[in-house]
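[1] Any chance you can model this:
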Amino acid sequence: MPKINLFTKIVALIIIMLVPIMLFYFYSNKTSTDILGEELNKSNTNQLVFFQNQVDTSIDSMALWPDLLIQDPDIASLRDIFAETAVLNLDLTTLIKRIQTKLAIQQNSSKWRSSLHIYSPMLHRDISDNDVIRYDDADLKQRLKPGWQVKPTEDSQTGPFVFSRYAVTPYSSYLDPSGSNLIIEVQFYSSSIKDMLDKFKSDGRRDPFYYMEDIGVIYNRSADKELTNHVIDLLNSGPLQDMESRNLKVGNEKYLVNIVKSETIGWYLIDYIPISEIIRPIQKTNQLFYISMAGLLLLCCTAAYLLYAQVQVPIKRLIIGFQKLKNGDYSIRMKPRGKSEFGFLYTRFNLMVEQIQELFETVYLEKIHVREARLKQLQSQINPHFFYNCFSFISSMAKLEQNEAVVAMSHHLSNYYRYTTRQERELVSLSEEINFVSSYLEIQRMRMARLNYTITVPSEMRQLDIPPLMLQPLVENAVIHGIEAWSDASVIRITGEWNEDEARLIVEDDGRGMSTEDIMILERKMQNQMDEQMGCGLWNVHQRMHLRFRGTAGVSFASSGLGGLKVTITWSTA
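    Alright, predicted model coming up:
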């Protein structure tokens with residue numbers, strides 16, 4: 001069975017890659033559409049609620065007018081008139097004029113078109129801001145009901161409806177106007193609501209209106225009344241909720257309808273938006289995506305053919321050459337053809353083969369140099385003075401027949417030099433470094449009986465890897481410059497701190513320490529090249545830690561709470 005060529009493989013791979021992309025796009029598109037619908041529905045509902053609250057606030061403020069006016073001294077004085085008269089005397093006329101002025105001021109305090117009426121059962125008069133007329137008790141009793149009342153009107157200036165609310169004193173005479181001493185009516189007209197609907201209709205998609213079953217509809221001035229009536233007919237197929245959203249189909253168009261009920265007047269604020277307007281950008285995006293996928297498939301097939309014709313064969317030749325090179329045939333040479341990228345690659349391949357032998361020799365030579373350099377480095381860290389002191393101590397203890405001291409010193413000294421001379425690993429565990437430092441401190445304590453030390457490092461931290469001979473130079477400096485140089489000093493404290501991101505080893509002594517200025521000078525030297533006046537121990541530790549762990553890794557200095565110097569090694573463990 002013949003092998004499938006590269007062109008067929010690439011085309012199949014492209015199709016396999018495009019299928020999940022298409023499926024993911026369909027799923028993502030559906031999810032985005034659903035989320036967009038939910039968010040738009042929520043946004044429309046929130047806007048309707050906000051608008052409804054504005055309308056209710058304006059209506060509620062007018063509902064307070066009767067309660068405010070009834071406290072006015074002039075209006076309250078109407079309750080004290082007990083004699084009905086057909087002709088108003090001068091005092092009553094003056095009082096009514098003052099009341100009319102106050103009614104006009106109250107009406108002008110609102111932007112809504114409104115009116116106030118005061119009914120005095122004793123005077124049998126209806127007092128408004130511009131007239132005083134007699135009223136019909138039977139008609140008033142019929143209209144006098146709790147809450148907001150609505151009735152149609154034929155006045156095109158005020159709108160198709162007028163809303164009224166009454167306040168009666170005393171409240172017990174609410175259903176009997178003849179038993180009351182004062183009735184105040186506040187009215188506003190649906191034209192004010194229509195004005196707010198026009199402002200709310202901020203774009204061409206929105207078409208809000210108010211609706212109350214068995215009463216009528218308050219349209220905005222640019223409403224499509226025929227479409228609105230169709231929407232109302234469909235909504236009447238089921239009971240309306242105080243707040244809800246529906247999807248309705250009118251003709252061939254689907255609409256998103258949001259409904260919010262007014263808690264003040266009981267009317268429903270309804271707004272509908274064509275869904276096609278919402279998803280039109282998504283549909284356009286889908287078309288662009290499909291066109292892009294078709295174009296991408298065509299380009300990929302073309303690229304696959306070019307790749308097969310111009311790349312596959314040269315790569316096969318190159319693979320054959322590398323296989324021969326892998327088998328040790330360094331006589332292999334590639335014949336460049338033309339000035340293409342593969343011609344350049346063949347030339348470089350030939351140069352590479354010629355240089356491999358030379359590279360092998362160079363690598364072997366560098367390994368030898370590295371081993372020699374490591375040996376010299378380790379040997380240079382052996383302090384002859386320290387070496388002589390240890391053997392002098394052993395000789396003295398042997399003369400005094402202190403065999404235990406001789407054995408202990410020999411044991412610790414062998415551990416010390418075994419670690420320094422046989423260390424060939426780039427990293428060691430922190431526990432090994434601590435054991436090495438413990439042997440060094442035990443040797444020093446045998447020489448200086450006043451030396452005391454503590455090592456407090458968490459067991460989990462001891463498993464971390466660090467470069468070898470990192471901690472010992474810090475401890476050696478603490479012994480030489482902190483303990484030996486200061487006769488009252490005797491304590492060295494080694495502490496380990498570790499969290500998920502960073503580890504620290506802290507070496508402190510109770511020696512003389514350093515001034516703040518000297519500490520700053522020492523830290524600056526750590527960042528520069530080593531000079532002849534600077535010891536190599538601390539500088540080597542700082543440079544090796546920084547090169548190994550990067551970032552803020554290295555050595556820092558501060559004053560210790562023991563009185564001497566505090567040296568901290570920090571490195572990242574993340």
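[2] Let me see the ranges of the strands in the stretch 151-300 of the chain.
    Along the stretch 151-300 of the chain, the segments classed as strands by DSSP state E, counting those that start in this stretch run 161-169, 182-189, 209-212, 216-219, 243-250, 253-261, 268-274.
[3] Tell me which of those strands sits nearest to residue 98.
    For residue 98, the closest of the strands of the stretch 151-300 of the chain is strand 182-189, at 15.6 Å, according to Cβ to Cβ. All C-beta atoms are positioned from the backbone trio N, CA, C, and that covers glycine.
[4] Show me what the closest one is packed up against.
    Helices and strands touching strand 182-189, by 3 or more Cβ pairs under 8 Å, 6 or more residues apart in numbering; DSSP states H and E, are helix 6-63, helix 65-69, helix 73-76, strand 114-120, strand 161-169.
[5] Output those as JSON lines; include the columns distance to residue 515, mean neighbour count and mean pLDDT.
    Below are those laid out as JSON lines (distance: least, Cβ to Cβ, whole Å; neighbours: other Cβ atoms under 10 Å; pLDDT from 0 to 100):
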{"stretch": "helix 6-63", "distance to residue 515": "65", "mean neighbour count": "14", "mean pLDDT": "81"}
{"stretch": "helix 65-69", "distance to residue 515": "80", "mean neighbour count": "17", "mean pLDDT": "83"}
{"stretch": "helix 73-76", "distance to residue 515": "87", "mean neighbour count": "14", "mean pLDDT": "83"}
{"stretch": "strand 114-120", "distance to residue 515": "85", "mean neighbour count": "22", "mean pLDDT": "87"}
{"stretch": "strand 161-169", "distance to residue 515": "87", "mean neighbour count": "20", "mean pLDDT": "87"}
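[6] Where does the prediction get shaky in the stretch 451-574 of the chain?
    529-536 (pLDDT under 70).
[7] ok, which stretches of it are strands?
    Assigned by DSSP E, counting those that start in this stretch, the stretch 451-574 of the chain shows strands spanning 452-456, 465-466, 491-498, 502-509, 554-559, 565-572.
[8] can I see the domain layout of this protein?
    Domain assignment for the chain by automatic domain parsing gives 64-194, 195-277, 333-377, 381-572.
[9] got a markdown table for these, with distance to residue 302 too?
    Shown next, in a markdown table, are the domains of the chain (distance: least, Cβ to Cβ, whole Å):
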| stretch | distance to residue 302 |
| --- | --- |
| domain 64-194 | 63 |
| domain 195-277 | 38 |
| domain 333-377 | 19 |
| domain 381-572 | 46 |
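[10] The ones you listed: which one's closest to residue 24?
    domain 195-277 (24.5 Å).
[11] That closest one: end-to-end distance?
    One end of domain 195-277 sits 25 Å from the other (Cα to Cα, to the nearest Å).
[12] Distance from the chain centre to that domain, please.
    Computed by Cα atoms, centre = their mean, to the nearest Å, the separation of domain 195-277 from the middle of its chain amounts to 38 Å.
[13] again with stretch 346-362
    Chain-centre distance of stretch 346-362: 53 Å, with Cα atoms, centre = their mean.
[14] Output it as PDB, nothing but the C-alphas.
    Extracted C-alpha coordinates of stretch 346-362, given in PDB (Å, rounded to 0.1, in the frame of the first residue of the first chain):
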ATOM      1  CA  TYR A 346      23.500  22.300   2.600                       C
ATOM      2  CA  THR A 347      26.600  24.500   2.600                       C
ATOM      3  CA  ARG A 348      26.300  25.100   6.300                       C
ATOM      4  CA  PHE A 349      25.800  21.400   6.900                       C
ATOM      5  CA  ASN A 350      29.100  20.700   5.100                       C
ATOM      6  CA  LEU A 351      30.900  23.300   7.200                       C
ATOM      7  CA  MET A 352      29.400  21.800  10.300                       C
ATOM      8  CA  VAL A 353      30.600  18.300   9.500                       C
ATOM      9  CA  GLU A 354      34.100  19.700   8.900                       C
ATOM     10  CA  GLN A 355      34.200  21.400  12.200                       C
ATOM     11  CA  ILE A 356      32.800  18.500  14.300                       C
ATOM     12  CA  GLN A 357      36.200  16.800  14.800                       C
ATOM     13  CA  GLU A 358      37.800  20.100  15.800                       C
ATOM     14  CA  LEU A 359      34.900  20.700  18.200                       C
ATOM     15  CA  PHE A 360      35.400  17.300  19.800                       C
ATOM     16  CA  GLU A 361      39.000  18.100  20.600                       C
ATOM     17  CA  THR A 362      38.100  21.500  22.000                       C
END
